[in-house]
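A.B. asks: any chance you can model this:
(chains A and B)
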Amino acid sequence: DAEITQSPRHKITETGRQVTLACHQIWNHNNMFWYRQDLGHGLRLIHYSYGVHDTNKGEVSDGYSVSRSNTEDLPLTLESAASSQTSVYFCASSESLAYTDTQYFGPGTRLTVL
Amino acid sequence: DQQVKQNSPSLSVQEGRISILNCDYTNSMFDYFLWYKKYPAEGPTFLISISSIKDKNEDGRFTVFLNKSAKHLSLHIVPSQPGDSAVYFCAASGVPGNTGKLIFGQGTTLQVKP
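C.D. replies: Now for the predicted structure:
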């Protein structure tokens, strides 16, 4: 089984709809991250969490929210989807807060907002 | 303000030759640098890293060089193989207050031709 999963892998939605992307990891890592990948921008941090009930805004957090009710999951919600949020979304996790710690990524969710 | 920059969007090399991917950064507080590799429809995977106290780190065919005075790092792949064709992201971390977070470059798409 994959260690960090994302669902759905592909999603098409309409402007204004609420969308939730799921992320699940089995390592019991404390730290979880959400990124979006866009051409010319690389990977940009949306939100991150250092543990249960902890959430923090990243570089591009407007229009997104997260909640952390358990260690394994960090769902990402687009409150009212916009065309500018069409992107590929990656979830990642890491074990410790050491800056040398590796982040492990999920396979990504391709979201299209029409 | 892009703190980590990969100025070459793409690179094409012949199989067996050397691939050199470059990365520049602006924040002198960065203390640790990583390279991630990404295949289509997959998440990024960790490739190699280097601490700011070193100027070189080698792992098989992959070597990362760090020039702190120039705020520049490079990834050398020798010899290049068709399976190395992927997008390569450099990332930086270690800024106080940015615990556990990575700042990514825009990515460079490497094509290794048989």
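A.B. asks: so what strands line up beside the helix or strand harbouring A:Ala92?
C.D. replies: In this structure, A:Ala92 sits in strand A:87-94 according to DSSP states H and E. The pairing partners recorded for strand A:87-94 under DSSP bridges are strand A:31-38 (antiparallel), strand A:104-105 (antiparallel), strand A:109-113 (antiparallel).
A.B. asks: mind listing the residues bridging to the residue nearest to B:Lys5 when sequence neighbours are not counted?
C.D. replies: Spatial nearest neighbour of B:Lys5, excluding adjacent residues (Cβ to Cβ, 6 or more residues apart in numbering or on different chains): B:Asp24 at 4.8 Å. Using the backbone N, CA and C atoms, a C-beta is placed for each residue, glycine as well. Judged by DSSP bridges, the bridge partners of B:Asp24 are B:Lys5, B:His72.
A.B. asks: try the one 10 residues further on
C.D. replies: B:Leu34 has these beta-bridge partners by DSSP bridges: B:Ser49, B:Ala91.
A.B. asks: ok, how many other residues are close to it?
C.D. replies: 22 (other Cβ atoms under 10 Å in any protein chain shown).
A.B. asks: just checking, it touches B:Thr45?
C.D. replies: No. Taking Cβ atoms under 8 Å as the definition, B:Leu34 is not a contact partner of B:Thr45, at 11.0 Å.
A.B. asks: how close does B:Gly107 get to A:Glu95?
C.D. replies: B:Gly107 sits at a distance of 25 Å from A:Glu95 (criterion: Cβ to Cβ, to the nearest Å).
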